[in-house]
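Asks: could you look at this predicted model? Sequence included:
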Amino acid sequence: MTGQFQRIREVLTKRLPKLGKPKARSAIIQNTGMEEILLATRPQYPSLPIWEKIEHPRDNYFSIYILPLHIPLHPQLDEPVRDLQRQMIEDNVGQDFCRLHDLYEDIFSHLWVAEIQRWTYRPIGLCSFVYRPAPAARLGEGTPAGKDRWWMNMAWLNVAQRNHRVLRNTIPYFKKWHPDFLMARDHPIVNKSFKDNPEHLQNKTGKSLIWG
């Protein structure tokens, strides 16, 4: 009987799926999947860019693109984005900065995507903006009302593609999406990326922006 139970256990072990971390391939988007994503995204933002190539130092080896994230995510993006969020948390990014939407804040995120092989794509970074209404003018103090605007809240790239020039070369795209945006917080490397666009920096900033 012991031998029979052992054979049954071996058969079940082969048939049942093994639990554990998702395979790396689940974070890959093939060409047909990317075409589906772009076809679904374009009608949502007909007057805005949705797939722009970003120049970067290793442009001869692979291409980087920037893509707006429409909520709810396209099914082809579900696992690749979750994998990216896991990488961010492992890189000590707080979970609040990894979220794509919030009940109390208007958040809009953009995804950096690398073409790691011909027609094979993988998300490599995330940048989020938060829309905040202007502070009201204070009566009797002569303080003017502010301006509703988007604030860059977080920018993260994985270690292999982490270079300030990727962010710097994405700024023209961000200007089209979030005109007059400002940095929510300060960071010396991010400031270097914005040296040609100082109008997006604040004179006074709070604690450091998330940059990875």
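Replies: Noted; the coordinates are in hand.
Asks: show the model's pLDDT score for the closest residue to Arg99 other than its chain neighbours.
Replies: In space, and not counting its chain neighbours, Arg99 is closest to Ile107: 7.0 Å by Cβ to Cβ, 6 or more residues apart in numbering. Glycine gets a C-beta too; all of them are placed from N, C-alpha and C. Ile107 carries a pLDDT value of 94.
Asks: what of Asp59?
Replies: Note on Asp59: pLDDT of 80.
Asks: quick one: it and Asn163, what's the gap?
Replies: 11 Å (Cβ to Cβ, to the nearest Å).
Asks: follow-up on the earlier one: any idea how far the residue nearest to Arg99 is from Pro49?
Replies: 19 Å.
Asks: these two: which has the busier surroundings?
Replies: Neighbours around Ile107 and Pro49, counted as other Cβ atoms under 10 Å, are more numerous at Ile107. The numbers are 17 against 13.
Asks: any idea which element the more buried one lies in?
Replies: For Ile107, the enclosing helix or strand under DSSP states H and E is strand 106-117.
Asks: the residue nearest to Arg99 bridge partners, please.
Replies: Ile107 forms beta bridges with Val130, as assigned by DSSP bridges.
Asks: pull the contacting residues for it.
Replies: The contact partners of Ile107, by Cβ atoms under 8 Å, 6 or more residues apart in numbering, come to Arg99, Leu100, His101, Ser128, Phe129, Val130, Tyr131, Asn153.
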